[in-house]
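[1] dropping the sequence and predicted coords here.
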Amino acid sequence: MVQSLRLVAPTAAIQRLQQRRMRALLARSEFQALVESAPDALVMIDGQGCIALVNQQVEVLFGYPRQELVGQQLECLLPERFHKLHLRHRHAYMQTPKVRSMGLGLELYGRRKDGSEFPVDISLSPMRTRAGLFIISSIRDITERRRLDHLAQAQQELLQAVLDALPSGVYLVQGEQARLVFANRAATEVWGATWMPGQAMQDFLSTHQVRVLGIDGHELAYDELATIQALRTGQAVHQFQEMIRQPEGTALPILLNAVGLRTQHFHHLESASEHTSRVLVVMQDITPLKTTERLKDEFIGVAAHELRQPLTVLKGFVDMLVVQTRRGRGAPLADWQEEALMEIMVATDRQIEFTEALLDVTRIQAGQLVLTIEPRDLVELARKVVQGIQGTTEQHMLHLHARPASLVVLIDSLRIQQVLTNLISNAVKYSPEGGMIEVDIQADQQQNQVIVQVRDHGMGIPADQQPQVFQRFARADNTQGIMGAGLGLYLCRELIELHGGRIWFESSEGHGSTFFIALPIISNAVSTCQESIAPP
């Protein structure tokens, strides 16, 4: 006959045996030294929840001498309001004891002998011995950590409040997928949707159907976004223009800067790691600026158009007066009179040229500049420009070098002639002491393009002003006293880009400048042309 087994409470004899074995264990110097050297307060309890051992840190932390704690229920170290709850948890834990941290997401408190309370983290570890099962509780006072956490939270709330008060959008992303760390209210208003922290940028854009367009109106590829460029290259992106099309269809022009940030600035973030890249983006809705700019361009266009007609009439009458007088019709002009008329002609030509530049600016801004594209030999066009400008100066030697001697490109010849005239005239104008002006034209077969270089050895451009060279009405500080409106290089850039090319430069103040133009090639010859145009 099989008798059924049932669990019974340990007898007093068994308890005494366990206690003797426990005392024997504690008597070992190695174990005692290990317990006392622990940096945290250690409390060992038996299967009934009675304290069997404490170390010196417990005495320091709770204010009890150890002899008052040994044999007491563990709950004596907890506030009374937690006793019942802790007792249930302790009984449940004894059924399946395992290593466990009780500080995650819980508000745990210890109670000192004087009744004061303090927040704690507790880790539990079971220890099976010959004397039975014991639980070691590692207790740590986290008052200072809580204080720092509250301070960090207050600082974060203050930072968020400050950022939300800014008129410009600000957001921070990190990692290869550009996951959001934080964003302010202005950024959310620009997107027209809420980007949740931790969400990847591409997922945010596709989920809310937010589109990012270039200034030409075409949608940018994900890798072309300024944020992604800065994140993947580590290079700052400044003054980048994008168009944000919100989910409901509203399009906002924005100007943004994206700057990478160093890791040590983010050691407090849970997701921070040594190799995580982060980019801070500041963006501004420039709709009011665009509106103001459009109105200004419209005014300039109207003013330039109204100026052109009287200037043309004035130039026509001056030309007629000079020509007819030289043909003997009318009274002869005195030298000073003829000189005055020539000055009027020069001034009128300059004003007509400036007026045409203003009209070109307004046409470009309005998207109304029409190019007449046709095959044209760029070398022949450059030679014509060089010869014309050489006839206006005796101080400068203009040198044209082309490889090959004929390069056919698809261009609007009048507009490219305008670009070449501007660049070569600038080289002459900003080399007041004279010297060599070199125009070099080469075919880059690998890139299927032609490269034009215009090099002078004049005053050069100050380094701190070079980023503004292609802006409208931009002129360097060292050009004082030299006539110019600051529109020529702006028009050069716009005209070259309309041809599908690009323009850039290298310059050193006091040593001259070299401007480069790249245009697509459709065919080329094989010979080489090299010539110098002598001064008149």
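    Arrived safely. Numbering: from 1, shown residues only.

[2] longest strand in the chain, please.
    strand 117-129 (DSSP state E).

[3] just the CA trace of that strand, in PDB.
    The C-alpha coordinates for strand 117-129 follow below in PDB (Å, rounded to 0.1, in the frame of the first residue of the first chain):
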ATOM      1  CA  GLU A 117      12.500  56.400   4.300                       C
ATOM      2  CA  PHE A 118      14.700  56.300   1.200                       C
ATOM      3  CA  PRO A 119      14.400  54.900  -2.300                       C
ATOM      4  CA  VAL A 120      16.300  51.700  -3.000                       C
ATOM      5  CA  ASP A 121      17.200  49.200  -5.700                       C
ATOM      6  CA  ILE A 122      17.100  45.500  -4.600                       C
ATOM      7  CA  SER A 123      18.600  42.500  -6.400                       C
ATOM      8  CA  LEU A 124      17.700  39.000  -5.200                       C
ATOM      9  CA  SER A 125      19.900  35.900  -5.600                       C
ATOM     10  CA  PRO A 126      19.000  32.400  -4.300                       C
ATOM     11  CA  MET A 127      21.800  30.400  -2.500                       C
ATOM     12  CA  ARG A 128      21.300  26.700  -1.800                       C
ATOM     13  CA  THR A 129      23.400  25.300   1.000                       C
END
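
[4] mind listing what the next helix or strand after that strand pairs with, with the direction of each?
    Toward the C-terminus, strand 117-129 is succeeded by strand 132-141 as the next helix or strand (DSSP states H and E). Within its sheet, strand 132-141 is paired with strand 41-45 (antiparallel), strand 117-129 (antiparallel), according to DSSP bridges.

[5] tell me where the stretch 151-300 of the chain has strands.
    For the stretch 151-300 of the chain, strands defined by DSSP state E, counting those that start in this stretch occupy the ranges 169-174, 179-183, 211-213, 237-245, 251-261, 278-285.

[6] could you say which of those is packed most deeply?
    Ranked by average neighbour count under the criterion mean count of other Cβ atoms under 10 Å, those are headed by strand 169-174 at a mean of 22. Quick note: C-beta positions are derived from backbone N, CA and C, even for glycine.

[7] relative orientation of it and strand 179-183 in degrees?
    Here the directions of strand 169-174 and strand 179-183 differ by 150 degrees (axes from the mean of the first three to the mean of the last three Cα atoms, to 10 degrees).

[8] okay, the angle between strand 169-174 and strand 237-245?
    Strand 169-174 runs at 110 degrees relative to strand 237-245, counting by the same axes, to 10 degrees.

[9] report the inter-axis angle for strand 169-174 versus strand 251-261.
    Using the same axes, to 10 degrees: strand 169-174 against strand 251-261 is 50 degrees.

[10] who is V54 paired with across the strands?
    Going by DSSP bridges, V54 is paired in beta bridges with V43.

[11] again with L252
    In this entry, L252 is beta-bridged to I244, by DSSP bridges.

[12] identify the residues contacting it.
    V190, M243, I244, Q246, D285, T287 (Cβ atoms under 8 Å, 6 or more residues apart in numbering).

[13] which one of those residues is nearest M483?
    Distance to M483, by Cβ to Cβ, is smallest for T287 among the contacts of L252, at 35.9 Å.

[14] next, the buried residues of the longest strand of the chain.
    By neighbour count, with 16 or more other Cβ atoms under 10 Å as the criterion, the buried positions of strand 117-129 are P119, V120, D121, I122, L124.

[15] I'd like those laid out as TSV, including pLDDT.
    As requested, the buried residues of strand 117-129 are exported to TSV (pLDDT from 0 to 100):
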residue	pLDDT
P119	91
V120	89
D121	87
I122	86
L124	87
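
[16] who's in contact with the longest strand of the chain?
    Residues outside strand 117-129 that contact it (Cβ under 8 Å, 6+ apart) are 21-22, 25, 44, 79, 93, 97-103, 107-112, 133-143, 146.

[17] contacts made by stretch 195-212 with the rest, please.
    By Cβ under 8 Å, 6+ apart, the list of residues contacting stretch 195-212 from outside reads 171, 173, 177-183, 187-188, 191-193, 219-220, 222, 225, 227-228, 242-247.

[18] please repeat the previous calculation with a cut-off of 7 Å.
    Applying Cβ atoms under 7 Å, 6 or more residues apart in numbering, the external contacts of stretch 195-212 come out as 173, 177-183, 191-193, 219-220, 222, 225, 227, 242, 244-247.

[19] cool, stretch 40-54 as well?
    Under the criterion Cβ under 7 Å, 6+ apart, residues 22, 26, 35, 55, 57-58, 61, 66, 69-74, 90, 94, 132-140 lie in contact with stretch 40-54.

[20] and the end-to-end length of it?
    Stretch 40-54 has an end-to-end distance of 11 Å (Cα to Cα, to the nearest Å).

[21] just the buried residues of it, please?
    Neighbour-count burial for stretch 40-54, counted by 16+ other Cβ under 10 Å, picks out 40-46, 49-54.

[22] let's have those in TSV, adding pLDDT.
    As requested, those are exported to TSV (pLDDT from 0 to 100):
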residue	pLDDT
D40	89
A41	91
L42	91
V43	90
M44	89
I45	88
D46	87
G49	85
C50	89
I51	89
A52	86
L53	86
V54	89
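
[23] break down the protein into its helices, ranges please.
    For the chain, the helices defined by DSSP state H cover 12-26, 29-37, 56-62, 66-69, 83-95, 143-165, 185-191, 201-208, 226-233, 287-326, 335-365, 378-390, 413-429, 488-498.

[24] the last one vs helix 413-429, what angle?
    The reference is to helix 488-498. If you take the same axes, to 10 degrees, helix 488-498 sits at 140 degrees to helix 413-429.

[25] for helix 488-498, name the packing helices and strands.
    helix 335-365, helix 413-429, strand 502-508 (3 or more Cβ pairs under 7 Å, 6 or more residues apart in numbering; DSSP states H and E).
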